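In: Generate a structure from the sequence data that follows.
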Amino acid sequence: MIAAFCDWLAATPVSQTFQDWAWFVPLVQTVHILSVAVVATPVAMLAFRLLGLTRLGLTLAVMVSQFMPWIWSALAVLLVSGMLLTVTEPARELLNFAFRAKMILVVVLAVILTILQSRLRRDPDYWTRPARRGAARSIGVASLLVEILIVTAGRWIAYV
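Out: Predicted coordinates for the structure are as follows:
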């Protein structure tokens, strides 16, 4: 069923046009990869703060308030660029286990970031209270691990 959908999508005029433009896929992939960096860098910085590896500078609440607009915007760009790549090469993406794993992991990361952000909106000191330091560290480890797995799965799409 998914294979038939991929065949149909690859035969659409939009997909055919994108496939005919030799510059299209490299350009969209470049935007996609740069957007990954825009997400990965602040997520790592937040994770390091949650893990207690960095303490100087901005508070966690301030970091989240400054970083999250960039992260959410970059995730939107990733969604659009990923959809364009999928329309151009549907079977390469939709039939690929690594692609499916990556999509699940992106949702997991979005949930983690939503939890982190929502708690800090209500209480700027939420994650720094002694009773929550363990949970903060767990979120830091989880976000770093998920981020690494997303990048790894993204790279494996080309090889699986």
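In: Can you tell me the SS state at the most centrally placed residue in the chain?
Out: Centroid check for the chain by C-alpha atoms, centre = their mean gives Val106 as the closest residue, at 4.8 Å. When classified by DSSP: H, G, I helix; E, B strand; the rest coil, Val106 comes out as helix.
In: Not counting its neighbours along the chain, what's nearest it?
Out: Ile150 (6.1 Å; C-beta to C-beta, 6 or more residues apart in numbering). (C-beta placed from N, C-alpha, C; glycine too.)
In: Can you give me the separation between the one you found and Ile33?
Out: Ile150 sits 12 Å away from Ile33, taking C-beta to C-beta, to the nearest Å as the criterion.
In: And the helices in the chain?
Out: In the chain, the helices defined using DSSP state H lie at 2-10, 13-20, 24-50, 60-88, 90-94, 97-122, 133-156.
In: quick revisit: confirm for me that the residue nearest to Val106 is in contact with Lys102.
Out: Yes. Between Ile150 and Lys102 there is a contact under C-beta atoms under 8 Å: 5.7 Å.
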